[in-house]
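# Task: produce atomic coordinates for the following.
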Amino acid sequence: MTRRFSPSSFVQITAFLSLTALSMFSQAQTAVWPQRPIKIIVPFAAGGNTDSIARLTAERLTQSLGQTVVVENKAGAGGAIAADLVAKAAPDGYTLLMAAMPVLAILPTITKTNFDPLRDFTPISIIGSNPFVMAVHKSVPATNAMELVDFAKKNTRKLNYASGGSGSVSHLSAALFVKRANIDMTHISYKGGSPAVTDLLGGQVQMYFGNLSELAPHAAGGQIRIIGVSSAQRARQLPDVPTIAESGFPGFKTITWNGLVAPAGTPPAIINRIAAIVKDAVAQPDMIAKLGQMGVDPIGDTPAQFLDTLKADLSVWSEAAK
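Numbering: from 1, shown residues only. Prediction:
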């Protein structure tokens, strides 16, 4: 008896074979990855924490993968230019983004972007997280947050604060502080932390929320003074500097993270391989020490854990931005 196939059965079989072929092709690609250099795109100018973390990570990936991993800086639009570039890149593991929390969790909540942080990227691993520190120019006679507030109220509309870009954590941390303190300070936006620090040192701006690694060397030279930490606990590198929360602003807390993401659709085997390398790298004593010099606490979590963090931060910062 001859068995006849219905048109619907033929379509189903064809679809199954197509999916099977695509799966086999993807597995074949993954098995030989990487065959050429890999790019890590950094959404900010060179010299800041995100750039430094990307270069450390690139070095470890190069050692483990046997292929060169290069870092490219694509600053602009608060990180949106770099994020959009990676979102549209081929999902083959050769173009990655060194994501910073404000780029994926804050920027899309305050402006229209061409990328969706959940739809267009596959999280790989968070390398590390860090609080921000509040620094003032030496001309500001303040040794803690409340003294800054008192000085600002006596000098209404005369003070300003820098940020590494509109919508960045340095911007929103300072904006939240200014609002909580009920003081009047003007926001000056820069393309990254390095130019912001330069103008803080020169006295063109009076206050800046930045990374510990950006500010500590200059504080030692006396040009600026670190007067507060944005985390819930004091930074281990600055045991004598109080948190902003304990300086009269209970509940004040802002931290940031840096992690690798890939374009959505990147094969899971590639994602998991990179995540495993990151996890091992951030557990090494020399890597821990180098991150510590930047004020960064190593993490090295899984793709699933990174996704949970991103979803939670999107919720928190959406409310903060509003």
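# Only C-alpha atoms from now on, for both contacts and neighbour counts.
Fine.
# Just want the most central residue of this protein.
Of all residues in the chain, the one closest to the mean position by Cα atoms, centre = their mean is Ala100, 1.3 Å from it.
# Neighbours of the residue nearest to that one when sequence neighbours are not counted, how many?
Counting by Cα to Cα, 6 or more residues apart in numbering, Asn258 is the residue found nearest to Ala100 once chain neighbours are left out, at 4.6 Å. The tally of other residues near Asn258 (other Cα atoms under 10 Å) stands at 25.
# May I ask you to confirm that Asn258 belongs to a strand?
Yes: counting by DSSP: H, G, I helix; E, B strand; the rest coil, Asn258 is found in a strand.
# so what's Asp280 up against?
Gly300 (Cα atoms under 8 Å, 6 or more residues apart in numbering).
# Helix, strand, or coil at it?
helix.
# Could you do Thr113 as well?
Look at Thr113: counting by three-state DSSP, its state is coil.
# Test my guess that it contacts Ala82.
No: using Cα atoms under 8 Å, Thr113 is not in contact with Ala82; the gap is 11.5 Å.
# and these two? which has more neighbours close in?
Between Thr113 and Ala82, counting by other Cα under 10 Å, Ala82 is the more crowded of the two (24 against 15).
# Double-check that the more buried one belongs to a helix.
Yes: assignment of Ala82 by three-state DSSP places it within a helix.
# Can you pull out the low-pLDDT segments for the stretch 101-250 of the chain?
Of all residues in the stretch 101-250 of the chain, none has pLDDT under 70.
# now the strands: where do they sit in it?
121-131, 133-137, 160-163, 186-189, 207-210, 224-229 (DSSP state E, counting those that start in this stretch).
# For the closest residue to Lys88 other than its chain neighbours, give me its contacts.
Spatial nearest neighbour of Lys88, excluding adjacent residues (Cα to Cα, 6+ apart): Pro263 at 7.1 Å. If you count contacts by Cα under 8 Å, 6+ apart, Pro263 has them with Val86, Ala87, Lys88, Ala89, Ala90, Pro91, Thr95, Leu96, Asp120, Phe121, Thr122.
# make it 6 Å
For Pro263, the contacting residues are Ala87, Pro91, Phe121, Thr122, by Cα atoms under 6 Å, 6 or more residues apart in numbering.
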